[in-house]
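In: Here is my input; please provide its structure:
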Amino acid sequence: MERRPQTYTNHVKFDPWFHFTLIPLLLFLLVSAGRAAWNDGSAFSWWRVGLVVAMLMLSLRCRLYALKVQSRVIRLEERLRMERLLPNELKGRLHELTEGQLVALRFAVDEELAEATGKALAGKLSNKDIKKGIRHWRPDYFRV
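Out: Coordinates of the predicted model:
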């Protein structure tokens, strides 16, 4: 599969099964079950609304759990990469980086990592600002 180069403007990943199938389907079911419960008023109708809400919450939580695990792995990978590539004065300050900053710095190529890390530490940049400041993008195609 040929992959297009990643940039700040196109790096966001959508999972078609989740974003364009599961969530819209659950939202449709919620609206239709809610409408039926409102018109009918029976306990069974309201039970169906509760069931759809529970399914929606479950699917959103599962997605968030996967993203949290992914962020933990990225933080570990980036700390290992930074220990190998950064000068000693920056290595000693890695604990000052936030989770979001570490995750954003994964997009900086090796040659740009020290500069981007220094800017992140000096300016307390947000992950969005870090990504916007990266000149040469290091793609990440294996995201959830």
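In: Distance from the longest helix anywhere in the chain to the middle of the chain?
Out: Determined from DSSP state H, the single longest helix within the chain is helix 43-85. In terms of C-alpha atoms, centre = their mean, to the nearest Å, the centre of helix 43-85 is found 9 Å from the chain centre.
In: Name the next helix or strand downstream of that helix, please.
Out: The helix or strand immediately downstream of helix 43-85 is helix 88-91, counting by DSSP states H and E.
In: Tell me which residues of that next one come out buried.
Out: Within helix 88-91, the residues that qualify as buried are Leu90, counting by 16 or more other C-beta atoms under 10 Å. In this view, the C-beta of every residue, glycine as well, is placed from N, C-alpha and C.
In: any idea of the mean pLDDT for it?
Out: Averaging pLDDT along helix 88-91 gives 94.
In: residues making contact with the next helix or strand after that helix?
Out: Moving toward the C-terminus from helix 88-91, the next helix or strand (DSSP H and E) is helix 99-105. Contacts to helix 99-105, defined as C-beta atoms under 8 Å, 6 or more residues apart in numbering, come from residues 71, 74-75, 78-79, 82, 97, 113, 116-117, 120, 125-128, 130-131.
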